[in-house]
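Trainee: heads up, no residue letters with this:
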């Protein structure tokens, strides 16, 4: 179980809180952001034909469901997707505060319609030199959002994203450690962990969060040198800097069975067909890797 991988971490990490591991079958999800031109049922049909099990549904401004319409539209969207034989195990939101008017309606609608997990939004660094205060404020907001999630009956997965608070996961770990692992954990992203952690600390970060992983995001990248310096280039799975064999072994050691959301941030020719061709290719890689 998860303790196996945690046991191999450096002793400096200390003991991790117990967690309720995700249950059920491993679900490979298509991130609906990448098919904005399709309606709910068409998204489901397209991703099912491409071999996906589920949809990671955007419930945020510009997404497939607008947050202010979640009470009315989210149940309809979920029904439309499920009618095509595709699940909706998770939603992606931009929620960063439990106090925003849409927070409770979004989470209640999702939970009441069988969605188990949600991704909150991102907490940004400011120009203030007091970085500790910024991290502390983000932790407080996360705490309130996790409490609301527990009230609504849906599990929060904190997404580590380069350049935002918590990209270095030990920033947010002290706050997370105080939260009920039933309702709050991590949405681990190896691509962003490698971009943030370079040669080795990203592996330590994955060990750090392994016992509380709720969801996992799959994407890849490499560093490219240009006339203006080094830059990150996103790329298909298996063509970049992520050590996928190590990631796969870590997920097996953690007995991870939560949703796996595939993202396609690299350059793809415009058009639904080209997007789905890329998605099918990456999904084939992911299934060979993770089973």
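Mentor: Received, thanks. Worth saying up front: this structure is predicted, and the values here are computed from it rather than measured. Numbering: from 1, shown residues only.

Trainee: please count neighbours and contacts with C-alpha atoms only from this point.
Mentor: Fine.

Trainee: host element of residue 91?
Mentor: strand 87-92 (DSSP states H and E).

Trainee: for residue 43, that is, sorry about that
Mentor: helix 40-49.

Trainee: got the angle between the helix or strand following that helix and strand 87-92?
Mentor: With elements assigned by DSSP H and E, the helix or strand that comes after helix 40-49 is strand 54-58. Relative orientation of strand 54-58 versus strand 87-92 (axes from the mean of the first three to the mean of the last three C-alpha atoms, to 10 degrees): 30 degrees.

Trainee: between helix 40-49 and strand 54-58, find me the angle.
Mentor: 140 degrees.

Trainee: so that it lines up with my notes, have the first residue be 17 from now on.
Mentor: OK, 17 is where the count begins now, so the last one is strand 70-74.

Trainee: quick one: low-confidence residue ranges for this structure.
Mentor: The chain contains residues with pLDDT under 70 at 17-41.

Trainee: tell me where the stretch 167-307 of the chain has helices.
Mentor: 189-193, 206-213, 217-225, 260-269, 288-306 (DSSP state H, counting those that start in this stretch).

Trainee: now the shortest one: buried residues?
Mentor: Right, helix 189-193. 189, 191-192 (16 or more other C-alpha atoms under 10 Å).

Trainee: for that helix, name the packing helices and strands.
Mentor: Contacts defined by 3 or more C-alpha pairs under 8 Å, 6 or more residues apart in numbering; DSSP states H and E place helix 189-193 against helix 147-168.

Trainee: over to the fourth one?
Mentor: Identification of packing neighbours for helix 260-269 by 3+ C-alpha pairs under 8 Å, 6+ apart yields helix 18-23, helix 288-306.

Trainee: tell me the buried residues in the last one?
Mentor: Of the residues in helix 288-306, those scored as buried under the neighbour-count criterion (16+ other C-alpha under 10 Å) are 291-292, 294-296, 298-300, 302.

Trainee: give the buried residues for stretch 180-198.
Mentor: 181-185, 187-189, 191-192, 195-198.

Trainee: between the two ends of that stretch, what distance do you get?
Mentor: Using C-alpha to C-alpha, to the nearest Å, the end-to-end distance of stretch 180-198 comes to 25 Å.
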